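Participant: Kindly return the folded structure for what I paste below:
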Amino acid sequence: MASSGGSYVLQNSGSDEDLQQLMDQRKRKRMVSNRESARRSRMKKQKHLDDLMTQLSQLKKENNEIMAHVSITMQHYTNMEAENLVLRAQVAELSHRLESLDQIKEFMSQPVDYGGGFVDELYCGGGTELMDEFMNNSLSCLCVNKPILASSDMIRY
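Facilitator: Numbering: from 1, shown residues only. Down below sits the predicted model:
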């Protein structure tokens with residue numbers, strides 16, 4: 001019996017050793033698995049960070065392109081606004097000239113009475129051809145046909 005009891009102790013200690021080895025093996029396996037999982041997690045985080053940095057770079061590039069486009073558009077708008085002001089000034093000046101020419105035409109078409117019943121036919125009735133030639137001849141009134149000199153540089157905001 002003693003021998004059987006001694007063999008039981010040997011078997012038991014062998015089982016304990018096997019159990020300890022099995023537990024150590026599982027522990028090492030778990031540590032390796034945890035390390036691998038942590039490595040994958042770090043790699044995943046790094047990839048996500050790299051993706052975000054790439055996206056940030058792309059967004060900055062797009063933002064710079066948009067800002068350049070807005071700047072060009074604003075410059076065009078400013079130029080158009082200045083040109084519009086010049087054109088409005090020219091319209092006002094030309095309207096004033098037209099009004100003056102209409103007044104001259106009206107004055108020229110009225111008969112002139114020098115007293116004693118003599119009416120000068122040059123400016124009325126019979127002289128309308130001369131009047132039309134005068135109004136249509138661009139050399140007849142040089143001061144009226146001077147160009148308006150204005151540029152967008154003269155206008156300040």
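
Participant: Point out where this protein drops to low pLDDT.
Facilitator: Within the chain, the segments meeting pLDDT under 70 span 1-14, 113-157.

Participant: Now do the strands in it.
Facilitator: Using DSSP state E, the strands of the chain run over 112-113, 119-120.

Participant: counting contacts, what elements does the lengthiest helix in the chain pack onto?
Facilitator: When the chain is parsed with DSSP state H, its longest helix is helix 2-109. Counting contacts by 3 or more C-beta pairs under 8 Å, 6 or more residues apart in numbering; DSSP states H and E, helix 2-109 packs against helix 128-136. For every residue, glycine as well, the C-beta is placed using N, CA and C.

Participant: ok, residue 25 - how many residues close by?
Facilitator: Neighbourhood size, residue 25 [other C-beta atoms under 10 Å]: 10.

Participant: Residue 105 now?
Facilitator: Neighbour tally, residue 105, other C-beta under 10 Å: 13.

Participant: Same check on residue 18?
Facilitator: Residue 18, neighbours per other C-beta under 10 Å, totals 10.

Participant: Pull the number of nearby residues for residue 20.
Facilitator: If you count neighbours by other C-beta under 10 Å, residue 20 ends up with 10.

Participant: Who are the contact partners of it?
Facilitator: If you count contacts by C-beta atoms under 8 Å, 6 or more residues apart in numbering, residue 20 has none.

Participant: Relative to residue 29, how far out is it?
Facilitator: Using C-beta to C-beta, to the nearest Å, residue 20 is found at 15 Å from residue 29.

Participant: do residue 62 as well
Facilitator: Using C-beta to C-beta, we find residue 62 at a distance of 49 Å from residue 29.

Participant: got it, and residue 107?
Facilitator: Distance, residue 107 to residue 29, by C-beta to C-beta: 115 Å.

Participant: Please apply the same query to residue 79.
Facilitator: Distance of residue 79 to residue 29, given as C-beta to C-beta: 75 Å.

Participant: try residue 105
Facilitator: Residue 105 is 111 Å from residue 29, by C-beta to C-beta.

Participant: cool, and residue 61?
Facilitator: Between residue 61 and residue 29 the computed distance is 48 Å (C-beta to C-beta).

Participant: what about residue 101, neighbour count?
Facilitator: Neighbourhood size, residue 101 [other C-beta under 10 Å]: 13.

Participant: same check, this time on residue 98
Facilitator: Per other C-beta under 10 Å, the neighbour tally for residue 98 reads 10.
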